[in-house]
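K.L.:
Give me a 3D structure for the following:
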Amino acid sequence: MTPGWPFLIARGRRLGYRALLAPEPMVADREYGVLTDAVRPQTARDRASVIEVTTPGGRAYTVAQVTHRVTAADAGEPEDPLDEHGRPLQLLYGFACPRTSSLEPAPEDLDAARSAALDAYRRFLADEEGFTLISGPAFPLRSPHSTPAAVPGPVGPVRVGPVPGGSVSSGRPAPEPAPPSPPRPIPRVFALLAGAVAVLLTLALVVRCGWDPGPEQPPRPECTAAPATPATSAAPVAPAKGEPPGPSASGTPCPSVTGG
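P.N.:
As a prediction, this is how the structure comes out:
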């Protein structure tokens, strides 16, 4: 049987609208805020309307909601309760159930939700500041509804393999085996990189073996001509006694003396 969970969103004499009663799975997942965002006061009071919500965690619900003005009998007080500004109070109550394709809220389900909502609201009015959220337990849903048809997911490829002691038929012809893929050629970029590496190695060998200058040779001395000095005339020196006469001052050789 499909479950239903009651809820209540209301404001007090001083505090604004908030969730006072929430479906049990929403409280467990801390996702009841989706109701405060989706449920709004309706113009037509005490008439149910149906909406759909999806929680942040992906849970989908169908929600039946009713807007009701709080009376003295509802609050257990002698007069209709008002807020601190003198405005009447109203309840936004109802029930949630797992997502359905159609839902016609039954009076029995709305009465069950209203009873749980009024009990929570009286406790809220007694202590607004100290009130804590109430988790609404499930009740068996009696409202006519239908669930959406299951949509089959995409069918993946069927794998056929050997089974010991028998064979497996998938109901489809076995796919043709794929032809072996041809060997992939070496990418052109690899060939270019190999050529570049070879060139770099060759250059390294040339630099290391062919360009070695060897031991350093000492520099050769430069040959420079001595500066010419002007000739000076010298006074003739008289030869010593017994020595042959030397060359004359004019530079003409002296006659040699030969012994007789």
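
K.L.:
and the nearest residue to residue 138 once chain neighbours are set aside, bridged to which residues?
P.N.:
Spatial nearest neighbour of residue 138, chain neighbours left out: residue 3 (3.9 Å); criterion: Cβ to Cβ, 6 or more residues apart in numbering. In short, each C-beta sits where N, CA and C put it, glycine included. Taking DSSP bridges as the rule, residue 3 bridges to residue 140.

K.L.:
Mind pulling up the pLDDT for residue 3?
P.N.:
Listed pLDDT for residue 3 reads 94.

K.L.:
And for it, the neighbour number?
P.N.:
Residues near residue 3, counting by other Cβ atoms under 10 Å, number 16.

K.L.:
go on, residue 27?
P.N.:
There are 18 residues near residue 27, going by other Cβ under 10 Å.

K.L.:
ok, now which ones touch the closest residue to residue 48 other than its chain neighbours?
P.N.:
Spatially, and ignoring its direct neighbours in sequence, residue 48 is nearest to residue 105 (4.3 Å; Cβ to Cβ, 6+ apart). Residue 105 is in contact with 48, 50, 64, 94-95, 143, counting by Cβ atoms under 8 Å, 6 or more residues apart in numbering.

K.L.:
which stretches of this structure form strands?
P.N.:
3-10, 18-23, 49-54, 60-69, 90-98, 102-103, 134-136, 139-140, 145-146 (DSSP state E).

K.L.:
any chance of those in CSV, plus distance to residue 115?
P.N.:
Shown next, in CSV, are these (distance: least, Cβ to Cβ, whole Å):
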stretch, distance to residue 115
strand 3-10, 8
strand 18-23, 11
strand 49-54, 20
strand 60-69, 12
strand 90-98, 10
strand 102-103, 20
strand 134-136, 11
strand 139-140, 10
strand 145-146, 21
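
K.L.:
Looking at those, which is nearest to residue 43?
P.N.:
Relative to residue 43, the nearest member of the strands of the chain by Cβ to Cβ is strand 60-69, separated by 8.1 Å.

K.L.:
Check which strands are paired with that closest one and give the direction for each one.
P.N.:
strand 49-54 (antiparallel), strand 90-98 (antiparallel).

K.L.:
tell me the most buried of those strands?
P.N.:
Stretch with highest mean neighbour count among the strands paired with strand 60-69: strand 90-98 (a mean of 24; mean count of other Cβ atoms under 10 Å).

K.L.:
Give me the mean pLDDT for that strand.
P.N.:
97.

K.L.:
Kindly report the same for stretch 124-133.
P.N.:
96.

K.L.:
for stretch 107-116, same thing?
P.N.:
On average, stretch 107-116 scores 97.

K.L.:
For it, buried residues please.
P.N.:
109-110, 112-114, 116 (16 or more other Cβ atoms under 10 Å).

K.L.:
circling back to that earlier point, from what I can see the residue nearest to residue 138 touches residue 141, true?
P.N.:
Yes: between residue 3 and residue 141 there is a contact under Cβ atoms under 8 Å: 6.2 Å.
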